[in-house]
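> test case, fold it:
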Amino acid sequence: GLYAISAQLERGQEPLMIRSARAAWRRHFSNEMIFALALLVIFLVWARAAVMVSVFFPTEGDPTFGDWFFYLGFGSMIGAVFAAVTFSASAFSLPMIMHRDVDSITAIVTSVNAVLRNKGAMLVWLTIIVALLLLGVATAFVGLIVIIPVIGYAAWHGYLETIDADDFPRHEIGITATPRTASDDT
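Presented below is the predicted three-dimensional model:
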């Protein structure tokens, strides 16, 4: 919905929640579900990797500080790899699905490619997102009411500035087909 509102503002339209919901549910639902399924697969592999790290942690005797340091450090490195994959796959995917007539896999591959080509800027963007989300959590989640829409709006504009998607047809969010009349059938 936040990306649909940003798209409406970009087109000079008055942002309407009903238009955003219609765009998200009618036009993009299948691609969004495929994207969610891809993230679910990443999550399940991530969870399995976390279990495997725990399986190989020594349990005999009293673990030393070095054991805990190695365990937590290695687990954090594995988690960081999966977090990087998740961030790369999702940085520009949903705005692209909302903006252009593309499938989820094309959007994910495009997002990963854009992140790899702009590593420095994306590291700064990731740091800003994490800092703002931590701030939102520190305010008993009340700050997220402002932070989440700002991140969504900024992500939309980051997508527009980073991805050249002119080869794909554009979704016309909010432009609905005219209702059919009996005279149209003749």
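
> how about the helices of this protein, start to end?
2-10, 17-22, 29-55, 65-90, 93-99, 104-117, 119-138, 144-162 (DSSP state H).

> so of those helices, which one's packed in deepest?
helix 93-99 (a mean of 25; mean count of other Cβ atoms under 10 Å). For every residue, glycine as well, the C-beta is placed using N, CA and C.

> now do it: distance to the chain's middle.
9 Å (Cα atoms, centre = their mean, to the nearest Å).

> next one: stretch 72-83
20 Å.

> convert the C-alpha atoms of that stretch to PDB, please.
Provided in PDB are the C-alpha atoms of stretch 72-83 (Å, rounded to 0.1, in the frame of the first residue of the first chain):
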ATOM      1  CA  LEU A  72      27.800 -16.600  18.700                       C
ATOM      2  CA  GLY A  73      30.300 -15.200  16.200                       C
ATOM      3  CA  PHE A  74      29.900 -18.100  13.700                       C
ATOM      4  CA  GLY A  75      26.100 -18.000  14.100                       C
ATOM      5  CA  SER A  76      26.100 -14.200  13.500                       C
ATOM      6  CA  MET A  77      28.100 -14.600  10.400                       C
ATOM      7  CA  ILE A  78      25.700 -17.200   9.000                       C
ATOM      8  CA  GLY A  79      22.800 -14.900   9.900                       C
ATOM      9  CA  ALA A  80      24.500 -12.000   8.300                       C
ATOM     10  CA  VAL A  81      24.800 -13.900   5.000                       C
ATOM     11  CA  PHE A  82      21.000 -14.700   5.000                       C
ATOM     12  CA  ALA A  83      20.200 -11.200   6.100                       C
END
